[in-house]
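**Student:** compute the structure for the input listed below.
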Amino acid sequence: MYKTIMYSLRLVLLGLLLGVSTQGIAREHDPLNKPELWEKLQLDPTNSMLWSAYVGKAWVSMTINEKEQIKKWKSMLKKQMLEGDAILLDEEVVIVGPAAEWDNIPSQEELDRKAQEEEAQAVQRYFQQMEQMMLEEPSFMRSLKQNIRLNFVLLDQSYEEAIEAYGVEYKSYFELYPNGEYPLEKWVQEKSDLLQQLKKEEFERFKNEMLGYSGK
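**Tutor:** Prediction:
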């Protein structure tokens, strides 16, 4: 595709340099008077399907003479392509304005690299969004933490359910501190941190599975 685009641009420039239209170049020496197909053949002279369409026969049905004729035409078109390149080099054409962007058409390698970079960025954004969703604290927990002493029983039960969902054993506050000697705020902060850590580990396992790793 890139080669075809570049030759099309060369064809336009060649027409400007020689003082003729690109349509005139495309139709010049058109043996069978099929300008649309001939113009395509000028851009891709090795395309067997185009030659079959131009001659009106399948390649296997052509005679030796017809194949020899195609060989000559093909050679002529290739020569024109080379001559077009030579003229452009000799003239040292300088293009200004929007047309100057033609010189900056990226190679296929550059396009592939850019596509890979964009794909990597999209994957990174996806995982960032997923991590944010998985680590986000539920709104009802944030609401309960506004008044820890009043809502402590509900908070302790909520942490127990959430933490045990990750396969971790949980002992409630009053199992460990029946007399309430341990600061409630500190307990809530510790369980909140533990739950966040469990969520992060789960996210990493999810991320590794998505990327095709074992997660070990």
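**Student:** list the buried ones in stretch 157-176?
**Tutor:** The neighbour-count criterion (16 or more other Cβ atoms under 10 Å) identifies S158, Y159, E160, A162, I163, Y170, Y173 as the buried residues of stretch 157-176. For the C-beta atoms, the positions are set from N, CA and C on the backbone; glycine is no exception.
**Student:** cool, stretch 180-198 as well?
**Tutor:** W187, V188, K191, S192, L194, L195, L198.
**Student:** so the first one makes contact with Y173?
**Tutor:** Yes - with contact defined as Cβ atoms under 8 Å, W187 counts as touching Y173 (5.5 Å).
**Student:** which neighbours do these two share?
**Tutor:** Overlap between the neighbourhoods of W187 and Y173 consists of D156, taking contacts as Cβ atoms under 8 Å, 6 or more residues apart in numbering.
**Student:** sorry, back to before: could you dump the buried residues of stretch 180-198 to JSON lines with distance to N33 and pLDDT?
**Tutor:** Rendered in JSON lines, the data for the buried residues of stretch 180-198 read as follows (distance: Cβ to Cβ, whole Å; pLDDT from 0 to 100):
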{"residue": "W187", "distance to N33": "91", "pLDDT": "95"}
{"residue": "V188", "distance to N33": "88", "pLDDT": "96"}
{"residue": "K191", "distance to N33": "85", "pLDDT": "95"}
{"residue": "S192", "distance to N33": "82", "pLDDT": "95"}
{"residue": "L194", "distance to N33": "82", "pLDDT": "95"}
{"residue": "L195", "distance to N33": "79", "pLDDT": "95"}
{"residue": "L198", "distance to N33": "77", "pLDDT": "94"}
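**Student:** which ones among those map onto helices?
**Tutor:** In helices, defined here by DSSP state H, the members of the buried residues of stretch 180-198 are W187, V188, K191, S192, L194, L195, L198.
**Student:** quick one: the helices in the chain?
**Tutor:** According to DSSP H, the chain carries its helices in the segments 2-18, 22-27, 35-43, 48-55, 64-91, 108-135, 139-144, 148-164, 173-176, 184-210.
**Student:** what is the fourth one packed up against?
**Tutor:** Taking 3 or more Cβ pairs under 8 Å, 6 or more residues apart in numbering; DSSP states H and E as contact, the helices and strands that helix 48-55 lies on are helix 35-43, helix 64-91.
**Student:** and the residue located most distally from the centre of the chain, its phi and psi?
**Tutor:** No residue in the chain sits farther from the centre than N179, which is 60.5 Å out by Cα atoms, centre = their mean. Here is the backbone geometry of N179 (degrees, to the nearest 10): phi -90, psi 0.
**Student:** any idea of the pLDDT on it?
**Tutor:** In the prediction, the pLDDT value recorded for N179 is 92.
**Student:** check the gap between it and S52 for me.
**Tutor:** Here the distance between N179 and S52 works out to 94 Å (Cβ to Cβ, to the nearest Å).
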